[in-house]
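In: prediction below, plus the sequence it came from.
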Amino acid sequence: MEAKSPSASRTTMTDMVLPSETNALQNLFGGELLARMDRAASIAAGRHSRRITVTASVNHVAFNLAIPLGSVVTVEAAVSRAYNTSMEVYIDVWIEDRYNGKRTKANEAIYTFVAVDETGKPTEVPELVPETPLEITRFEGALRRKQLSLVLAGKMKPDNATELKALFTK
Ligand SMILES: CCCCCCCCCCCCCCCC(=O)SCCNC(=O)CCNC(=O)[C@H](O)C(C)(C)COP(=O)(O)OP(=O)(O)OC[C@H]1O[C@@H](n2cnc3c(N)ncnc32)[C@H](O)[C@@H]1OP(=O)(O)O
């Protein structure tokens, strides 16, 4: 399988915040944002793998800024590292000032997707080769995030999480 860069999977979705999607403070409901990020990330994982993909884990979500009613919200997702059958997808969320077009980063998240065949069995994905400095930083941090996710899910013994442990012993 031919290796791909993150730009091959980059997915951008822009939409606005409607009244039915807000909480009591008139800000975008967190679950709605999670769903928008899941949709963009699953398209990115599908573009990288050209397979059916399923969300295996939501590894990290940071709701740094509330997103008010009426905001123009852009969700950008791209595969940040690919393994055997799984892919880490990094998602950045931006809000855009209606009048001057200035973009502000509101949130970010990291999801893990697994490519599967028609029976739901995990199947191989192409390697990912990062290109830009940001892509390289995200690529290099991905293995410890995968190990943390597997440890929390009870799928890896903490002792085997060598990359994660190195964070604390360096
Ligand atoms: C464009 C072309 C498309 C064409 C076609 C389109 C069709 C249009 C489809 C629309 C698609 C919409 C997609 C929406 C996205 C959902 O909403 S999907 C619904 C929610 N998700 C689910 O239902 C998934 C349910 N879970 C599962 O099916 C299984 O647990 C999984 C995820 C397949 C993993 O199965 P498993 O038995 O644990 O498999 P296993 O071999 O142990 O692990 C497989 C890989 O996952 C990793 N993994 C497993 N758990 C974790 C974890 N917690 N953390 C990190 N990694 C993990 C493993 O490390 C392994 O990685 P690799 O080393 O192979 O890379």
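Out: Sure, I can see it. Numbering: from 1, shown residues only.
In: low-confidence ranges in this structure?
Out: Along the chain, the model assigns pLDDT under 70 to residues 170.
In: and the protein, which residues reach the ligand?
Out: Residues of the chain lying near the ligand by C-beta under 6 Å from any ligand atom: 38, 42, 46-47, 50, 52-57, 83-86, 112, 114, 116, 120, 122, 146, 149-150, 153, 155. No exception for glycine: its C-beta is placed from N, CA and C like everyone else's.
In: quick one, which of these are buried?
Out: Neighbour-count burial within the residues of the chain next to the ligand applies to 38, 42, 46-47, 53, 56-57, 83, 85-86, 112, 114, 116, 146, 149-150; the criterion is 16 or more other C-beta atoms under 10 Å.
In: can you give me the helices for this structure?
Out: 30-49, 133-152, 162-169 (DSSP state H).
In: got a list of what Phe63 touches?
Out: Gly30, Leu33, Asn107 (C-beta atoms under 8 Å, 6 or more residues apart in numbering).
In: for it, list each beta-bridge partner.
Out: Phe63 forms beta bridges with Asn107, as assigned by DSSP bridges.
In: next one: it from Asn107, what distance?
Out: Taking C-beta to C-beta, to the nearest Å as the measure, Phe63 falls 6 Å from Asn107.
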